[in-house]
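Student: build me a model from this:
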Amino acid sequence: MNNKVIVITGASSDMGIATIKRMREVYSEPILVSVTRNQENLKRKLEECNVSQDGIVFAECDLAHYSEAMTKIQSVLNNYSRVDILINIAGLFIAKPFLETEIEDFDTVINSNLKSCYTAIKIVVPYMLSNNGGSIVNISSALGIHTIKTGRSSIYDASKAGIIQLTKSLAVEFGSDNIKVNCICPGILMPSDDARDNHMSYQAIKNLSSHLKDQPLKRLGTDKNIADAIVFLSGVESDWTTGAVLSVDGGIIL
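Tutor: As a prediction, the model looks like this:
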């Protein structure tokens with residue numbers, strides 16, 4: 001396939017690395033604009049995963065800070081004058097009983113999950129409009145659709161539900177501009193090394209894993225499973241699909 005300019009937020013996450021790998025397999029010499037809060041951390045992860053940095057352009061910024069992100073990302077994108085695909089992966093997971101949450105937790109989760117998605121789309125869509133179209137894939141969560149009674153992740157769930165509705169609204173708004181906007185809702189994934197290092201996050205994932213008894217396929221997913229779905233929804237194979245909310249979760253929401 002032809003070269004593509006692909007913007008990936010949350011590029012240093014395991015899902016981000018898996019997506020970079022898959023885009024390299026699908027497209028010939030893609031330009032991968034990798035948005036991350038820590039460029040050196042992303043470079044280290046790419047080296048550890050034996051992923052070449054050829055064709056990877058770094059945009060180091062915090063998407064929660066709109067003006068900074070606008071300046072940093074535009075300074076990169078102006079070299080190409082177009083964006084073909086935007087993949088919004090950036091985000092974090094916090095699980096606490098609601099009454100134990102602080103307003104700072106709310107701000108952190110909403111900024112990292114929902115505001116980051118808004119910011120990236122706001123920056124990138126003008127490039128798609130000038131290029132007669134494009135494709136946006138947002139990463140939500142099964143918890144944005146389905147509540148797990150013992151999950152204790154109300155703020156996270158709300159932020160991910162917001163991404164789903166943002167996806168649908170923008171699919172309607174930009175459909176006539178040949179911009180498709182779709183959403184993936186991952187289920188429970190194998191915990192990353194970062195999650196294992198964070199006791200609270202790791203324990204939360206372990207607790208959620210107990211719900212596999214209610215999942216038809218009865219196994220944890222992988223970041224590659226999500227990257228495969230991203231390739232489908234962002235590519236030509238789904239050129240008549242917009243506003244879709246694709247659950248990649250082993251059937252846990254059924």
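
Student: average pLDDT for the helix or strand that contains Ala59, rounded please.
Tutor: Following DSSP states H and E, one finds Ala59 within strand 56-60. Strand 56-60 shows a mean pLDDT of 97.

Student: same check on stretch 113-126?
Tutor: 98.

Student: for stretch 233-240, same thing?
Tutor: Within the predicted structure, the mean pLDDT of stretch 233-240 is 97.

Student: over to stretch 176-190?
Tutor: Stretch 176-190 comes out at a mean pLDDT of 95.

Student: give the buried residues for that stretch.
Tutor: Residues of stretch 176-190 classed as buried: 179-189 (neighbour count, 16 or more other CB atoms under 10 Å). Glycine gets a C-beta too; all of them are placed from N, C-alpha and C.

Student: that one: end-to-end distance?
Tutor: Using CA to CA, to the nearest Å, one end of stretch 176-190 lies 38 Å from the other.

Student: and the strands in this protein?
Tutor: Using DSSP state E, the strands of the chain run over 5-9, 31-36, 56-60, 85-88, 134-139, 179-186, 245-248.

Student: so what's the closest residue to Lys72 other than its chain neighbours up against?
Tutor: Closest residue in space to Lys72, ignoring its immediate chain neighbours: Cys61 at 4.0 Å, by CB to CB, 6 or more residues apart in numbering. Contact criterion CB atoms under 8 Å, 6 or more residues apart in numbering gives 35, 37, 68-69, 71-73 as the residues in contact with Cys61.

Student: and what of Ile31?
Tutor: Under the criterion of CB under 8 Å, 6+ apart, the neighbours of Ile31 are 3-6, 55, 57, 80.
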